[in-house]
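Undergrad: sequence and predicted model, in that order:
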Amino acid sequence: MALSSALYSGISGMNTNGTAMSVIGNNIANTNTVGFKSSRTVFSDLLASSVNGSGGASQVGRGTGLSTVDNLFSQGTFETTESQTDLAIEGEGLFVVREEGAESLYYTRAGSFSFDGEGFLTNAEGYRVQGKTYVNGVLSSADATDIMVDINAGIEAKMTDKITLSTNLDANEPVITAAFDPNDTTTYNYSNSTTIYDSLGNTHLMTTYFIKSDDNTWDWNVVDENDATLYSSATAGNSLEFDTSGKQISGGTATLGPLTPGAGTASQTINFALKNTTQFANDSQVISQTQNGYGAGNLTNISIDNEGNVLAKYSNGEEIAKSRIVLAKFSSFSGLRKEGASLFSATGESGPPRIGVPGTELGNIFTNALEQSTVDLAAEFVKMITTQRGFQANSKVITTTDEMLSELINLKR
């Protein structure tokens, strides 16, 4: 009988609206959950039954059912924090984490990370954040692995093997013809000292002396801290030559060594270069100088930059990139399965992850920030009202149908 179908239609409406209210309640409960993505319910009507009327065959619906509960991966707003390991993503990507000792990967937008006692970068639940490792300053092409910085290990010294100087040599300086003597200031026009490091991390001074030998021509000598000449451009036929506008046109590079600057140290060779040197009518001065050596150091701080690089800073001033955080992207984010603790897992519906470093495709990382929940409280309250009314209306269908059935039964007394 049709009246019985009306009862079941009302029940289906109450069931689906009850499920919708559960989803709304879960959204509201996670209003302040970091990285939470809200959900929505989608209903669909049930298979209709056919009835025959005077106008021909028609269909009568049998109520409603739950079609799906969608995860809405919209961009959340950012909250500024004081922690250098708090991260937020602008874009579609998700952080990749893994439980210790397990192979399964999980994905999350909650970037409240910190380093544990073993030096692993983990989320609040202890899952280890995944990233690619730097090997000798080059990002490895191997699969991503647990990000770890050994907090008890320092770095050994690196002896200097490259020096680059950029200077201006005063064009108005007089030509000097006297034999060079580092202890006689009248035998050179200008000098500059550079600190270098040996294999043990000891520092040594290396001084470059410039002598104007002719118009637009300068000789240069490199002398160690014991006044021993390590290189003479005049002897090597490698003097600095400038054009009439004061720009360097030749000379200025040399290989120094092998040197043994300190007792018990390894032999070292230094590639020395005078680059972008000029001869303008200004005071002689060093514009820039760099050398790539450093002493031994202990770990003082760990931070993460906006490119996702995990940086270890040491007491000797060196900052070394250890790993780079990876992000994951899916062809269907709505197909991801919620695993609790703000984690998602891949399913056949979501497709396999596309894992890579942060960037335009996968999203940009912001440090000292957390992504807030995407729940819109005003919208959820409106949905709550409409869902409640839908539930009441369906319950009214049941009570009204029951009254009609009572009338039917009372036809025979």
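TA: Structure's in. What do you need?
Undergrad: distance check, the nearest residue to Gly111 once chain neighbours are set aside against Ala153.
TA: Spatially, and ignoring its direct neighbours in sequence, Gly111 is nearest to Leu87 (3.5 Å; C-beta to C-beta, 6 or more residues apart in numbering). Where you see a C-beta, it was placed from the backbone N, CA and C, and this is true even at glycine. Distance check for Leu87 against Ala153: by C-beta to C-beta, to the nearest Å, it reads 24 Å.
Undergrad: okay, those two: which has more neighbours?
TA: Neighbour count, other C-beta atoms under 10 Å: between Leu87 and Ala153, Leu87 has more, with 27 against 11.
Undergrad: who does the strand or helix carrying the more buried one touch, helix- and strand-wise?
TA: Secondary structure from DSSP states H and E places Leu87 in strand 87-90. Other elements packing on strand 87-90 under the criterion 3 or more C-beta pairs under 8 Å, 6 or more residues apart in numbering; DSSP states H and E are strand 364-367, strand 369-371.
Undergrad: what's near enough to touch Met404?
TA: Leu3 (C-beta atoms under 8 Å, 6 or more residues apart in numbering).
Undergrad: please renumber so the chain begins at 840
TA: In the new count, where the first residue is 840, that last one comes out as Met1243.
Undergrad: so where's the stretch 1040-1189 of the chain shaky on pLDDT?
TA: For the stretch 1040-1189 of the chain, no stretch has pLDDT under 70.
Undergrad: go with 80
TA: 1101 (pLDDT under 80).
Undergrad: can you show me the strands along it?
TA: 1042-1053, 1056-1063, 1068-1071, 1079-1081, 1087-1089, 1092-1098, 1107-1113, 1124-1130, 1138-1143, 1148-1153, 1158-1164, 1166-1168, 1176-1179, 1182-1184 (DSSP state E, counting those that start in this stretch).
Undergrad: closest to Asp1023 out of those strands?
TA: Nearest of those to Asp1023, taken as C-beta to C-beta: strand 1042-1053 at 10.6 Å.
Undergrad: so which residues of this structure form helices?
TA: 841-868, 1072-1075, 1216-1248 (DSSP state H).
Undergrad: which strands or helices does the shortest one pack on?
TA: Put plainly, it is helix 1072-1075. By 3+ C-beta pairs under 8 Å, 6+ apart, helix 1072-1075 packs against strand 1056-1063.
Undergrad: neighbours of Val1214, how many?
TA: Neighbours of Val1214 (other C-beta under 10 Å): 22.
Undergrad: now the strands of the stretch 1040-1189 of the chain in JSON lines, with mean neighbour count?
TA: JSON lines is the format used below for the strands of the stretch 1040-1189 of the chain (neighbours: other C-beta atoms under 10 Å):
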{"stretch": "strand 1042-1053", "mean neighbour count": "19"}
{"stretch": "strand 1056-1063", "mean neighbour count": "22"}
{"stretch": "strand 1068-1071", "mean neighbour count": "17"}
{"stretch": "strand 1079-1081", "mean neighbour count": "20"}
{"stretch": "strand 1087-1089", "mean neighbour count": "14"}
{"stretch": "strand 1092-1098", "mean neighbour count": "15"}
{"stretch": "strand 1107-1113", "mean neighbour count": "19"}
{"stretch": "strand 1124-1130", "mean neighbour count": "13"}
{"stretch": "strand 1138-1143", "mean neighbour count": "16"}
{"stretch": "strand 1148-1153", "mean neighbour count": "20"}
{"stretch": "strand 1158-1164", "mean neighbour count": "20"}
{"stretch": "strand 1166-1168", "mean neighbour count": "23"}
{"stretch": "strand 1176-1179", "mean neighbour count": "12"}
{"stretch": "strand 1182-1184", "mean neighbour count": "20"}
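Undergrad: among those strands, which comes closest to Asn1233?
TA: strand 1176-1179 (27.7 Å).
Undergrad: quick one: the nearest residue to Gly852 once chain neighbours are set aside from Thr1239, how far?
TA: In space, and not counting its chain neighbours, Gly852 is closest to Asn1233: 3.3 Å by C-beta to C-beta, 6+ apart. Separation of Asn1233 from Thr1239 (C-beta to C-beta): 11 Å.
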